[in-house]
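A.B. asks: this one's structure only:
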Ligand SMILES: *Cc1c(COP(=O)(O)O)cnc(C)c1O
C-alpha cells in the first residue's frame, strides 16, 4: 500500500478469485466455468462487420440485449439492467442500496465477494450463520432493516431455496432491497424472476458466465422493477457508461438466440453432476444436495486441503476454502464426463 492510499480503505481485503494458472494445462474444476464452448453462432456474430465496428463505442443503454433478455424472461425492457459481469451489477447494488447507513446482511457461508463489496463501500455487514447442514432458514431474515443479499443456489454449498421461501424473505422486508444472486439457477433451482412483477424490493441478478459459457465475455444482468433498474443505470452512468463492450453485447444477443444449445448444456451438466455425486458417494464422500454446476464434498478420512493439494499435483484443480466451517470440503466444478472420470481416477489414487 502506498502512503497515498485512502486510509478509509486501509482495511480492504480484496476478493481472491480462484486460481487461473497460465503455466501448465490443468483440468480446471475450480471456478465453475462451463466445459462447453459458447453456442456456434457466437463465432460468426463476432467476425467481419463487428470487428470494424470496434472503432465505435457500444450502446450504453444496451437496448438490443435488454430487449432480448426481456423477451426471454417475459418482463419489460425497462426491467432489465446489463453489467460487466454480475460482479459489477452486485457492486452497483451495494452502492445504490446499502450506503445509507442501513448495512447489508448475507449468510456467513456464501459468495466471498459480498463482504468485499461491503468493505469497499464501507457498509456494515452482518453475516447470518447458516443452520445445521448449511441450511438457510428464511425465518432468520425477517425484518432486518438491511439490504439482503442471498445467492440462490448458494455458493459454495450448492443448496437452493424454493421460490416461495425467497418470497417469504422479500415479503418480510418490504423496506429493504432483497438481492437474489442467481448465478447458478439454470442448473436446477427455481428462479425468483416471476416474483419481480409483484415486489418492488426484489432484484434478481444473473450472469452469462456459468450456464451460458461466457465467463470471458464479462456479462451479467439484473431483473427488477423499473425504479430499481433506473437506480442501477444512475450508478452506471456515474461510473462507466460504456460498461459492457460491443463484443460482449453482441455475443450475449447471439447466445440468447441459441436456446436449444443452452438447454442441452444445462441438462448435460445436471446429468454429469448426478453421475459424479454417485461416484464420490460410493468412495465414501458426503456431498451436499447441489443444484449448481459444482459439488461440495468432504471425505471422512481425507482432509480438504490434502485432497486439494493432491489433486493439484496430479493436474486437477478444485477449490478449497481455508475457512472455519468449510475447510473439510472441496468445491468441484462439473466438467465433461471424461474430465470427471479423470477426477475420480485421481481421487481413488489419493484414497
Ligand atoms: C460466479 C459468480 C458471480 C460472478 O459472476 P460474473 O458474472 O462472472 O461476474 C456472482 N455470484 C456468484 C454467487 C457467483 O458464483
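C.D. replies: Nice, thanks for sending it over. Keep in mind the model is a prediction, meaning the values are calculated, not measured. Numbers count the residues shown, from 1 in each chain.
A.B. asks: The ligand contacts on the protein?
C.D. replies: 32, 85-87, 111, 151, 155, 181, 183, 207, 209, 215, 220 (C-beta under 6 Å from any ligand atom). For every residue, glycine as well, the C-beta is placed using N, CA and C.
A.B. asks: Those residues in strands, which ones?
C.D. replies: Counting by DSSP state E, the part of the residues of the chain next to the ligand found in strands is 151, 181, 207, 220.
A.B. asks: count of residues packed around the first one?
C.D. replies: So the one you mean is residue 151. 28 (other C-beta atoms under 10 Å).
A.B. asks: What confidence value was assigned to it?
C.D. replies: On pLDDT, residue 151 comes in at 98.
A.B. asks: ok, the nearest residue to it once chain neighbours are set aside - contacts?
C.D. replies: Distances taken as C-beta to C-beta, 6 or more residues apart in numbering place residue 181 nearest to residue 151, at 4.3 Å, with adjacent residues excluded. By C-beta atoms under 8 Å, 6 or more residues apart in numbering, the contact list for residue 181 reads 86, 90, 111, 149, 150, 151, 152, 205.
A.B. asks: and the last one, how many residues sit next to it?
C.D. replies: Read it as residue 205. 25.
A.B. asks: How about the secondary structure of it?
C.D. replies: Under the three-state scheme (DSSP: H, G, I helix; E, B strand; the rest coil), residue 205 adopts strand.
A.B. asks: try the second one
C.D. replies: Look at residue 90: counting by three-state DSSP, its state is helix.
A.B. asks: is it true that it touches residue 151?
C.D. replies: No. Counting by C-beta atoms under 8 Å, residue 90 stays clear of residue 151, with 9.8 Å between them.
A.B. asks: What's opposite the closest residue to residue 329 other than its chain neighbours in the beta bridge?
C.D. replies: Leaving aside its chain neighbours, residue 329 sits nearest to residue 298 (4.6 Å; criterion: C-beta to C-beta, 6+ apart). Following DSSP bridges, residue 298 is listed with bridge partners residue 286, residue 329.
A.B. asks: need the contact list for residue 298.
C.D. replies: Residue 298 makes contact with 285, 286, 304, 328, 329, 330, according to C-beta under 8 Å, 6+ apart.
A.B. asks: Can you tell me the closest non-neighbouring residue to the last one?
C.D. replies: So the one you mean is residue 330. In this structure, residue 330 finds its nearest non-sequential neighbour in residue 318, 4.8 Å apart by C-beta to C-beta, 6+ apart.
A.B. asks: Surely the one you found and residue 334 touch.
C.D. replies: No. Counting by C-beta under 8 Å, residue 318 does not reach residue 334; the two are 11.3 Å apart.
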